[in-house]
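[1] Below: sequence and its predicted model.
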Amino acid sequence: MITEAPNLASSSRALLLAWLALGLCVGCEESQPEPTGKGTSPNASIKPAPLASGEPELRPELTPKPFDGGVVGIPADSAGRLIIPDAGPPPPTPLRADEALAGDDITFRDSGGLTLAVEWAWDNADKSPSGMAANAEAIETLRDKTTPRMTVDLANAGRMRIGLDSVVFPLPPTTEIRSRLERLGHVVVWPNRRAYRGVPPGGMRALFAERRADATPLIKGKVTAKGKGNKLGFETTKAAVATTFGTLNIEQARVQGTTSGKLFCRFLVELVAADPNSEVCEAGLVPVAAQFSWKPRGGISLSVKSLTRRTDLPVSDMRVPPAGALVKPSELPPQTTGILLTQKDLSAMRRSEGEGISPGPDAPGEGLRAVNHSEGLRYVMLDGVPVAWVEPLSQTYIIGPAKSYYMLGWRDFLGANVTPSSKVALPARVLLGSEEVNPDAGATP
């Protein structure tokens, strides 16, 4: 028993030393606060590697190119202010023939603009046959009455209105053609302004030549500068626009403070089947004269007789489309008979009847039966006076001309198809084209 006591004492001392060592280790640890947030990203403690001494050598493909002197960034003026370029209006979009346009709700605060008095010139050089009791004064009055005249209003608000003032157009008098800068093409407005239809770009040629709204394919016309001039007190620029249909020689006045002259220019270049976006149509220019020369022959011209600055344009009446109007995409204003003059007007062309005139077997009892066997609308000319237009493959009966000899010819509005005049005794039935082409067209209805 006495021999085991040292072993127990030794074990107790060893156990006591172990507990003391454990307490010392626990007392050395610092207390850690409870986490109150998301903690710091592990990557936040990563320090960047030390920079290499000296400049690194770049690979050839990464070497920056030398500055070439071009424009960099946004330009500034001499005072250091940035110059922001004006993006300008978006390009105009073309009208469709079947398009019902949204209401034109533009605010017409600016009633300023221009009004142009425009006359077209036909080659009406025919004179009455010699020996006839022609009434020269009456004939001259009728020529003036049938001169194609238009009133063109150009509003600073970006609208154009063309009023057809003469009976000679293939559309009723007071019919309007309206346009707006942001759309290509035009709108035909009925005389009562209760209906309209869109005419796509390229439709003006067929509208005036054939009384249809078919769109002629347009091409980029070749523009050639023709120098400068002066008309109506304005400096003018002259240019030629050539296409496969012919050439338009156009003279335009530089009128300060106007931009809508571009709309009238578009109207004119469409007649020669040129793209209305032609460079010849510039802001600030207003057409004052135009000469059309067709291939292979023929032509027509127009001239602005007056140019008036306006501050009182009825711009509310120039909306495109008209306020409250119905769209009629497959129609045109109600057709007239095509007879341009009254019986009284026509009878005044002679002071008395001619002698020795024997009407043919197919002649009417009086006047003139005009039969058009061609495929285009044609005007009947008596002594250089347009007396009626006749639709293609159709006929019309004209009452009024006295029994006498006349110089009779045919033509279309634009002068691209002109039949030379010949001496004809009236009453008569006259033909354009061959009777064999469409025998029914000449039959009495």
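    Received the coordinates, thanks.
[2] So what's the residue count around the nearest residue to Leu164 once chain neighbours are set aside?
    Closest residue to Leu164 apart from its sequence neighbours, by C-beta to C-beta, 6 or more residues apart in numbering: Thr175 at 4.9 Å. All C-beta atoms are positioned from the backbone trio N, CA, C, and that covers glycine. Thr175 has 18 neighbours, counted by other C-beta atoms under 10 Å.
[3] and the gap between Thr175 and Gly103?
    Distance, Thr175 to Gly103, using C-beta to C-beta, to the nearest Å: 21 Å.
[4] Let me see the contact set for Asp412.
    For Asp412, the contacting residues are Ala209, Glu210, Gly376, Leu377, Arg378, Tyr379, Val418, by C-beta atoms under 8 Å, 6 or more residues apart in numbering.
[5] If we go by neighbour counts, what in the helix or strand harbouring Gln252 is buried?
    According to DSSP states H and E, Gln252 maps onto strand 246-254. For strand 246-254, a neighbour-count test (16 or more other C-beta atoms under 10 Å) marks Gly246, Thr247, Leu248, Asn249, Ile250, Glu251, Gln252, Ala253 as buried.
[6] Using CSV, write out every CA atom in the next helix or strand after that strand.
    Downstream of strand 246-254, the first helix or strand assigned by DSSP H and E is helix 261-271. This file holds the C-alpha atoms of helix 261-271, laid out as CSV (Å, rounded to 0.1, in the frame of the first residue of the first chain):
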residue,chain,number,x,y,z
GLY,A,261,-41.6,77.3,-102.5
LYS,A,262,-40.1,73.8,-102.3
LEU,A,263,-43.6,72.4,-102.5
PHE,A,264,-44.4,74.1,-105.8
CYS,A,265,-41.0,73.0,-107.2
ARG,A,266,-41.9,69.4,-106.3
PHE,A,267,-45.2,69.7,-108.1
LEU,A,268,-43.4,70.9,-111.3
VAL,A,269,-40.6,68.3,-111.3
GLU,A,270,-43.2,65.5,-110.9
LEU,A,271,-44.7,66.5,-114.3
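[7] Please name every helix or strand in contact with helix 261-271.
    Using 3 or more C-beta pairs under 8 Å, 6 or more residues apart in numbering; DSSP states H and E, the elements in contact with helix 261-271 are strand 149-155, strand 159-164, strand 176-180, helix 204-210, strand 246-254, strand 285-294.
[8] angle of that helix against strand 246-254?
    Here helix 261-271 runs at an angle of 170 degrees relative to strand 246-254 (axes from the mean of the first three to the mean of the last three C-alpha atoms, to 10 degrees).
[9] Helix 261-271: how far from the chain's middle?
    7 Å (C-alpha atoms, centre = their mean, to the nearest Å).
[10] residue ranges of the strands in the stretch 51-200 of the chain, please?
    Here the stretch 51-200 of the chain has its strands, by DSSP state E, counting those that start in this stretch, at 93-94, 113-121, 149-155, 159-164, 176-180, 183-184, 186-189, 195-199.
[11] I'd like the ones you listed as a markdown table, with distance to Tyr405 appended.
    Putting the strands of the stretch 51-200 of the chain into a markdown table (distance: least, C-beta to C-beta, whole Å) gives the following:
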| stretch | distance to Tyr405 |
| --- | --- |
| strand 93-94 | 51 |
| strand 113-121 | 27 |
| strand 149-155 | 30 |
| strand 159-164 | 33 |
| strand 176-180 | 39 |
| strand 183-184 | 49 |
| strand 186-189 | 40 |
| strand 195-199 | 42 |
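[12] Of those strands, flag the one that's most buried.
    strand 186-189 (a mean of 26; mean count of other C-beta atoms under 10 Å).
[13] Now for Asn230, how many residues are close by?
    For Asn230, using other C-beta under 10 Å, the count is 10.
[14] Which pLDDT value belongs to it?
    Predicted confidence (pLDDT) at Asn230: the value is 97.
[15] Just to be sure, it is in a strand?
    Yes: per DSSP: H, G, I helix; E, B strand; the rest coil, Asn230 lies within a strand segment.
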